[in-house]
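Student: Predicted model follows, preceded by the sequence.
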Amino acid sequence: MTDTAALYQQAVDLLQQLITIPSFSREEGLTADLIEKFLQQQGIKPNRKKNNLWEWNKHFDASKPTILLNSHHDTVKPNPGYTRDPFDAKIEDGKLYGLGSNDAGGCLVSLIAVFLFFYERQDLKYNLCLATTAEEEISGVNGLELIIPELGKLDFGIVGEPTQMQLAIAEKGLMVLDCVTHGKAGHAAREEGDNAIYKALPDIEWFRTFRFPIESEVFGPVKMSVTIINAGSQHNVVPASCTFTVDVRVTDAYRNEEVLEIIRQHVSCDVTPRSIRLKPSKIDKEHPIVQAGIALGRATYGSPTTSDQSLLDIPSLKVGPGDSARSHTADEFVYLDEIREGIGLYIKMLESII
């Protein structure tokens with residue numbers, strides 16, 4: 001279908017239906033069913049693994065590079081401040097209300113519309129792979145990460161998240177580190193033991209003051225923050241261990257593994273990352289898809305929040321209708337005009353390169 005007005009109306013109708021179905025992370029089966037049925041009604045038979053769906057354009061050509069179009073259909077649980085029914089997809093004053101409308105329903109249905117726009121084209125320079133995925137809100141292992149091996153070789157990706165259709169050309173990664181210093185217990189009244197708290201202090205100070213030698217052009221330095229400390233059992237016992245947690249926001253200047261290795265070289269405590277999966281991501285500002293957005297008046301920036309970009313090992317651009325400031329808020333909404341604009345801008349950006 002190439003009628004953008006009809007695609008827009010389809011997108012809004014689909015989003016209203018999605019909003020009425022609870023789809024908390026790990027509980028997205030019914031929204032996956034709805035998206036699957038919707039695509040089947042368009043003559044498309046999507047692949048499915050758990051609550052993730054993917055499909056390629058009708059005239060897929062293995063000799064051509066492939067662009068990933070990805071967004072998610074899971075949501076967080078409703079903010080306690082809701083004054084509306086979060087599953088009542090009402091339209092008022094040009095706003096579509098409901099849980100997941102902004103994050104990331106508007107992006108999701110816009111990318112589905114764009115995929116349908118190009119689906120039957122035979123003259124494309126790129127293939128398109130649409131992936132509507134689960135568990136993004138919890139960075140779960142049964143979301144996009146689960147199906148990446150099924151998608152084949154990908155040249156670059158467009159990840160649909162609410163950015164007001166501005167161009168997030170980089171995104172910070174995240175590592176949470178559990179650190180432990182070891183001492184020896186003893187009675188506080190005597191010269192006994194080896195105080196693990198005192199042994200932790202130099203390492204904590206290092207985390208506070210160290211600057212990594214390479215700084216990102218977009219984000220500046222890697223940011224490390226000690227956020228939790230635990231030690232001791234009672235006032236008169238010298239603690240034998242001290243544990244502390246470090247939140248590390250990794251920029252696109254490093255890989256998570258590189259940052260972890262540098263940290264271990266400088267501190268004496270045991271350092272255990274909870275995960276190194278949530279990688280920083282970037283796409284060159286000179287990349288054709290970025291330049292296409294710039295030519296349409298869009299600005300580039302670096303995003304401090306994580307998304308499914310962190311699971312990709314390809315260049316990716318985060319861009320979509322809606323505003324991240326509305327994500328996870330009470331009475332969440334997306335403007336209908338944002339969806340209309342999003343579909344149009346996605347199409348124009350892709351048309352300039354494919």
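Tutor: Cool, the structure landed.
Student: Now do the same for the residue nearest the centre of the chain: its pLDDT.
Tutor: A centroid search over the chain (C-alpha atoms, centre = their mean) returns Ser307, at 0.6 Å, as the residue closest to the centre. The predicted local distance difference test score for Ser307 is 94.
Student: Quick check: the spatially closest residue to it that is not a sequence neighbour vs Gly105, distance?
Tutor: Ranked by C-beta to C-beta, 6 or more residues apart in numbering and with sequence neighbours excluded, the top spatial neighbour of Ser307 is Glu161, at 5.0 Å. All C-beta spots, glycine's among them, are computed from the backbone N, C-alpha and C. Here the criterion is C-beta to C-beta, to the nearest Å. By it, Glu161 lies 11 Å from Gly105.
Student: quick one, strands of the stretch 51-200 of the chain?
Tutor: Per DSSP state E, counting those that start in this stretch, the stretch 51-200 of the chain carries strands over the ranges 52-56, 66-72, 91-92, 95-97, 127-133, 156-159, 167-171, 173-182, 186-187.
Student: The residue nearest to Ser307 and Phe212, how far apart?
Tutor: As it turns out, when the distance is counted by C-beta to C-beta, Glu161 lies 26 Å from Phe212.
Student: between these two, which one's more packed in?
Tutor: Glu161 (29 against 18; other C-beta atoms under 10 Å).
Student: Test my guess that the more buried one contacts Pro321.
Tutor: No: taking C-beta atoms under 8 Å as the contact criterion, Glu161 and Pro321 are not neighbours in contact, 9.8 Å apart.
Student: Pop out the phi and psi values for the residue of the chain positioned farthest from its centre.
Tutor: Farthest-out residue of the chain from its mean C-alpha position, per C-alpha atoms, centre = their mean: Arg190, at 52.7 Å. Backbone torsions of Arg190, given as degrees, to the nearest 10, read phi -120, psi 170.
Student: who touches it in this structure?
Tutor: By C-beta atoms under 8 Å, 6 or more residues apart in numbering, no residues touch Arg190.
Student: Need the pLDDT of it.
Tutor: 89.
Student: And the strands of the stretch 51-200 of the chain: which comes nearest Val334?
Tutor: For the strands of the stretch 51-200 of the chain, the distance to Val334 is smallest for strand 95-97, at 5.4 Å, taking C-beta to C-beta.
Student: Just list what the closest one packs against, helices and strands only.
Tutor: For strand 95-97, the elements it packs on are helix 4-19, strand 333-335, helix 336-351, judged by 3 or more C-beta pairs under 8 Å, 6 or more residues apart in numbering; DSSP states H and E.
Student: What are the boundaries of the helices in this protein?
Tutor: Taking DSSP state H as the test, the helices found in the chain are 4-19, 29-41, 106-118, 144-147, 196-209, 256-266, 288-295, 336-351.
Student: Name the residues of the fifth one that are buried.
Tutor: It refers to helix 196-209. In terms of neighbour count (16 or more other C-beta atoms under 10 Å), helix 196-209 has its buried residues at Ala196, Ile197, Lys199, Ala200, Asp203, Ile204, Trp206, Phe207.
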